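> Fold the following and give me the result.
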Amino acid sequence: MPIISNSNTITCWCNYKDGGGDNHITQSYGISSVTDHGTGQFTVNFGTAFTNDGYGFYEGGSHENSGPVRGANGSNIETHNKNTGNVRLHSVYGSRHGQSQGNYNSMKTTTWCFIGDI
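Numbering: from 1, shown residues only. Next comes the predicted model:
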């Protein structure tokens, strides 16, 4: 029988609306705030610190706020800014033939999930 604990379930999560000057958390659990550092750059602050910086991360995002659809967008952790109490993330464009990829972008909505011991 599987055992469910903090280390193998989603510990905290956040749905974040980005763009149009109306950036805010729409729903969350275990996230105290999000600091917006400019286009596609954020610090997510945890309500309770993790026991170490080995927690897992999963994200899902919508298309960007402007321009043509470029393929899958995503968020990445800046590993040198991964701490027990917060983490720095950036959202990047996907790719589309003939267009640049990997630039910071603003997605209409993003969901960030974190898994680990608190």
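> Could you list the low-pLDDT ranges of the chain?
Applying pLDDT under 70 to the chain picks out residues 1-8, 19-20, 62-73, 93-105.
> Okay, helices next: where are they in it?
Applying DSSP state H to the chain gives no helices.
> mind listing what the nearest residue to Ile115 once chain neighbours are set aside touches?
In space, and not counting its chain neighbours, Ile115 is closest to Gly56: 4.1 Å by C-beta to C-beta, 6 or more residues apart in numbering. C-beta: built from backbone N, CA, C; applies to glycine. Shown in contact with Gly56 (C-beta atoms under 8 Å, 6 or more residues apart in numbering): Phe114, Ile115, Gly116.
> ok, now which ones touch the first one?
Right, Phe114. Contacts of Phe114 (C-beta under 8 Å, 6+ apart): Ile10, Thr11, Cys12, Trp13, Gly30, Val44, Phe46, Phe50, Tyr55, Gly56, Phe57, Val87.
> What separation do you get for the third one and Thr79?
As for Cys12, its distance to Thr79 is 19 Å (criterion: C-beta to C-beta, to the nearest Å).
> Who has more neighbours out of the two?
Cys12 (21 against 9; other C-beta atoms under 10 Å).
> Quick check: closest non-adjacent residue to the more buried one.
Distance criterion C-beta to C-beta, 6+ apart; nearest residue to Cys12, sequence neighbours excluded, is Gly30 at 2.7 Å.
> State the number of residues packed around the one you found.
Neighbour count for Gly30, taken as other C-beta under 10 Å: 14.
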